[in-house]
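> fold the following, please.
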Amino acid sequence: MTAINSIATDANNTSATGQNDHISALKFITCGSVDDGKSTLIGRLLVDSKAVLQDHLAGVQRQGETDLALLTDGLSAEREQGITIDVAYRYFATEERKFIIGDAPGHEQYTRNMVTAASSADAAVVLVDATKLDWKNPGLALLPQTRRHSLLAHLLRVHSLVFAVNKLDAVEDPALAWKHIQGALQAFAQAAGITVRAMVPVSALKGWNVVDAHAGWCGYDGPTLLQVLEELPNTPADTALAPAFPVQWVEKFSSSSDTSQGRRVFWGRVAAGSFAPGTAVQVFPSGQLATVAQVLDHARRPTDVPAGTSAGIILDREVDVSRGDWILAAPAVATPAEDDFDTPASVPAWPASRELRTTVAWMDDEPLVAGRVYWALHGHRWVKAKVKAVVHKLNINTLAEEAATQLDPNAIGHVDLLLQEAIPAAPFGKARVLGSLILVDTASHKTAGAVLVN
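The predicted structure follows:
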């Protein structure tokens, strides 16, 4: 588990050559329980990789000692309380790769912030504080937040999960603690169906196995945490699917004299598949058919644009398209049987539905109960969503599905939703963008839940 030979070798590590830096940069978050050392770990990565200027280091001194956590805890409330409240992003680069780090808060009440950060991350580094566990016990129990954050990262399709066992330098027998904690993490990951890329024993405070190796410590001779991160792959885009494009902005240039194609550009980010001139499409929800006349990249250059990339689409004719609409692959015509004289029905590439079976990570202070109505955001389209039923909740300690009538704050469970209008939703395991929604309270306008379509 600690070796990185299982890590995919097709990572786009082209930043060393200066090409495709925006693709090869690894976006990862640190998460875990409170005071596990997440901010300190990031500070150690920044300092030991020479990504911090001397004047910046001088500004994070406390009683003559450098407080690495202050490099990411930028809010005044965070510095006063010594905790992380909101996600802080930092950037650094090595000779091998560029990185974007998100320092997620560990407090349960800030789980919503962690979900926000994880939703766009390529990898998650889950820190485990050895001093908080009964490390002498081979059957030790992990902390609830370690389980919750690992499970959330798995549900949000974070492509790579790495466990970093911190503060082993503060226990009496580091090797025994590492052995028992590693076993507990492996058992939890196997029970939860989570694929773990690597496990590394570290000391964020002393810098052991973070950037520089501490050979033989805890009986571990594998790669450092930074070496593991340098080899992790980026999250693959859903390019093999049928094209799907949520319209975010409509640009008008009606003064153009070219009538051979539509005179509006529909901007957004390709959710699935790829778009090229000649692609047959259908506008949702109007159902109008058209053909893509031109595709522009972010610099307005004509090109083919794959999933995960921003684009501007021009259709071959004027079609009524607004923000929140979807431009989808045109329906395929079903092949009729030999004795079928009826007109064959078309099969939509992305069928629309009003009823959804979902997994919900609940983040509101008020519990989720059946009958409540929320705003649901899918792509850039807002629809009303009614909670039909709370099917069950997930016990994060035993991973068992338990009967429930409501979801309390920070709980995870299966919920049936009924939408006011149909949307082209797909299982989240198949299409990350089409399979995700957020629920927003209609009165307070606060984000209430993260929704994954089953």
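
> switch to C-alpha atoms for all contacts and neighbour counts from now on
Will do.

> in this structure, which helix or strand is least confident?
Of all the helices and strands that make up the chain, the one with the lowest confidence by mean pLDDT, DSSP states H and E is helix 76-81; it has a mean of 41.

> who touches A204 in this structure?
Each residue near A204 by C-alpha atoms under 8 Å, 6 or more residues apart in numbering is listed here: G37, T40, L41, R44, N166, K167, V210.

> just give me the longest strand of the chain.
Longest strand of the chain, by residue count under DSSP state E: strand 381-394.

> what's in contact with the helix or strand following that strand?
Proceeding N to C from strand 381-394, the next assigned helix or strand is strand 401-403, under DSSP states H and E. By C-alpha under 8 Å, 6+ apart, the surrounding residues in contact with strand 401-403 are V391, H392, K393, L394, N395.

> so which of these comes closest to A307?
For the contacts of strand 401-403, the minimum distance to A307 (C-alpha to C-alpha) is 32.0 Å, reached by L394.

> mind listing what that closest one touches?
When contacts are taken as C-alpha under 8 Å, 6+ apart, L394 is in contact with A400, E401, E402, A411, I412, G413.

> can you check V415 too?
Listed by C-alpha under 8 Å, 6+ apart, the contact set of V415 reads R357, T358, T359, V360, V387, K388, A389, V390, V391, H392.

> the helix or strand where it lies vs strand 381-394, what angle?
When elements are assigned from DSSP H and E, V415 belongs to strand 412-423. Between the direction of strand 412-423 and that of strand 381-394, the angle (axes from the mean of the first three to the mean of the last three C-alpha atoms, to 10 degrees) works out to 160 degrees.

> next structured bit after strand 412-423?
Past strand 412-423, further along toward the C-terminus, the next helix or strand under DSSP H and E is strand 436-441.

> against T94, how distant is V210?
From V210 over to T94 the distance is 13 Å, taken as C-alpha to C-alpha, to the nearest Å.

> tell me which of those two has more neighbours.
Of the pair V210 and T94, V210 is the one with more neighbours under other C-alpha atoms under 10 Å, namely 28 against 14.

> surely that one touches L226?
Yes - with contacts counted by C-alpha atoms under 8 Å, V210 reaches L226, the gap being 6.0 Å.

> residues that sit against both of these two, list them.
Common contact partners of V210 and L226 (C-alpha under 8 Å, 6+ apart): L45.

> flag the shaky bits of the stretch 251-400 of the chain, pLDDT-wise.
For the stretch 251-400 of the chain, applying pLDDT under 70 flags the ranges 254-258, 334-345, 397.

> neighbouring contacts of the one helix or strand M199 maps to?
Secondary structure here is read from DSSP H and E; on that basis M199 sits in strand 198-201. Residues outside strand 198-201 that contact it (C-alpha under 8 Å, 6+ apart): 1-4, 161-166, 168, 178, 182, 209, 218, 220, 222-225, 228.

> strand partners (parallel or antiparallel) of that strand?
Here the strand partners of strand 198-201, with direction, are listed using DSSP bridges: strand 160-166 (parallel).

> using CSV, write out every CA atom in the strand it pairs with.
As requested, C-alpha coordinates have been extracted for strand 160-166 and formatted as CSV (Å, rounded to 0.1, in the frame of the first residue of the first chain):
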residue,chain,number,x,y,z
SER,A,160,-6.7,9.6,-5.6
LEU,A,161,-6.8,9.2,-1.8
VAL,A,162,-3.6,9.3,0.3
PHE,A,163,-3.3,8.7,4.0
ALA,A,164,-0.6,10.6,5.9
VAL,A,165,-0.1,9.4,9.5
ASN,A,166,1.2,12.4,11.3
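
> how about the residue nearest in space to the middle of the chain, nearest residue that isn't a chain neighbour?
To find the centre residue of the chain, average its C-alpha atoms and take the closest one (C-alpha atoms, centre = their mean): that gives S119, at 2.3 Å. Spatially, and ignoring its direct neighbours in sequence, S119 is nearest to L156 (5.9 Å; C-alpha to C-alpha, 6 or more residues apart in numbering).

> how close does the one you found sit to V383?
Look at L156 and V383: by C-alpha to C-alpha, they are 22 Å apart.

> what residues are up against L356?
Under the criterion of C-alpha under 8 Å, 6+ apart, the contact list for L356 reads D416, L417, L418, L419, V453, N454.

> pull the most distant pair out of those residues.
The widest separation within these, taken as C-alpha to C-alpha, falls between L419 and N454 and amounts to 15.3 Å.

> more neighbours, those two?
Here L419 and N454 are set side by side on neighbour count (other C-alpha under 10 Å), and the busier one is L419, at 20 against 17.

> report pLDDT for that one.
Taken from the predicted model, the pLDDT recorded for L419 is 98.

> pretty sure it contacts R357?
No - in terms of C-alpha under 8 Å, L419 does not count as a neighbour of R357; the distance is 11.3 Å.

> which helix or strand contains L185?
Using DSSP H and E, the element containing L185 is helix 174-192.

> for that helix, the distance to its chain's centre please.
Using C-alpha atoms, centre = their mean, to the nearest Å, the distance from the centre of helix 174-192 to the centre of the chain it belongs to is 25 Å.

> so that helix versus strand 160-166, what angle?
Calculated by the same axes, to 10 degrees, helix 174-192 forms an angle of 150 degrees with strand 160-166.

> can you map out the helices along the stretch 51-200 of the chain?
When assigned using DSSP state H, counting those that start in this stretch, the helices of the stretch 51-200 of the chain occupy the ranges 54-58, 76-81, 111-118, 144-155, 174-192.

> need the residues that contact the last one.
What that stands for is helix 174-192. For helix 174-192, the surrounding residues in contact (C-alpha under 8 Å, 6+ apart) are 130, 135-142, 151, 165, 168, 171, 195-196, 199, 201, 217-219, 399.

> okay, now the unreliable bits of the stretch 101-250 of the chain?
Within the stretch 101-250 of the chain, the segments meeting pLDDT under 70 span 106-112.

> repeat that for 80
Low-confidence segments of the stretch 101-250 of the chain, defined by pLDDT under 80: 103-116.

> which residues touch the nearest residue to D304 once chain neighbours are set aside?
In this structure, D304 finds its nearest non-sequential neighbour in A276, 4.7 Å apart by C-alpha to C-alpha, 6+ apart. The contact partners of A276, by C-alpha under 8 Å, 6+ apart, come to V292, Q294, V295, T303, D304, V305.

> quick check: phi and psi on A272?
For A272, the backbone dihedrals are phi -160, psi 160 (criterion: degrees, to the nearest 10).

> go on, P409?
In terms of degrees, to the nearest 10, the main-chain angles of P409 are phi -50, psi 130.

> my guess is L156 contacts A117. True?
No - under the criterion of C-alpha under 8 Å, L156 makes no contact with A117, lying 10.3 Å away.

> now the strands for the stretch 251-400 of the chain?
Defined through DSSP state E, counting those that start in this stretch, the strands belonging to the stretch 251-400 of the chain, from first to last, are 264-269, 274-275, 280-284, 289-296, 305-306, 310-315, 326-329, 332-333, 346-347, 353-362, 368-369, 373-378, 381-394.
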